[in-house]
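In: based on what follows, work out the 3D shape:
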Amino acid sequence: MPVSGAQKAISEAVASWPNMTIAPHRFGGVEYQLGTREIGHIHGDSLVDIPFPTAVRKELVENGQAQPHHILPESGWISFYIRQPDDVGKAIGLLKKSYHLAVEQAARRTGQKVDAEDRS
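Out: Purely as a prediction, here's the structure:
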């Protein structure tokens, strides 16, 4: 069962991170982007899909923090179902993990150092 207001709360949190943009997602819902890179998207108040490197995805699924993606279960994507109010914070945490990985990858690509603040 969806958690009323989850999408709004998650979008507000993600919008507060440096360099994030929010746009409609091509398959419905709302997409969170760091530059041109999608760090995840949300479908209503009930489902968040997030891309990760396959090793990270495997760890998250094995630890019970997420489920394999509901359509692409063998990919690096995970699905996280928002079923109770405290799942909103967990979803934000997973999106933050994706955000940090994207920031670190961009820094490596450009040879820049990642600030500790960018990792919070």
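
In: touching, residue 2 and residue 48? I think so.
Out: No. The pair residue 2 / residue 48 is not scored as a contact, 11.7 Å apart, by CB atoms under 8 Å. C-beta here means a position set from N, CA and C on the backbone, and glycine is covered the same way.

In: of these two, which one has the most company?
Out: residue 48 (28 against 14; other CB atoms under 10 Å).

In: all strands for the protein, in order.
Out: Taking DSSP state E, the strands of the chain run over residues 20-24, 30-34, 37-43, 47-51, 67-68, 77-81.

In: residue 112 is nearest to which of those?
Out: Of all the strands of the chain, strand 30-34 sits nearest to residue 112, with 14.0 Å by CB to CB.

In: would you mind listing the residues touching both of residue 2 and residue 48?
Out: The contact sets of residue 2 and residue 48 overlap at residue 82 (CB atoms under 8 Å, 6 or more residues apart in numbering).

In: the longest helix seen in the chain: which residues count as buried?
Out: The helix that spans the most residues within the chain, counting by DSSP state H, is helix 86-110. By neighbour count on 16 or more other CB atoms under 10 Å, the buried set for helix 86-110 is 87-88, 91-92, 94-103, 106.

In: contacting residues for residue 10?
Out: Listed by CB under 8 Å, 6+ apart, the contact set of residue 10 reads 42, 48, 88, 91, 92, 95.

In: first-to-last residue distance for stretch 45-55?
Out: For stretch 45-55, the first-to-last residue distance is 27 Å (CA to CA, to the nearest Å).

In: what mean pLDDT does that stretch get?
Out: Mean per-residue pLDDT for stretch 45-55: 97.
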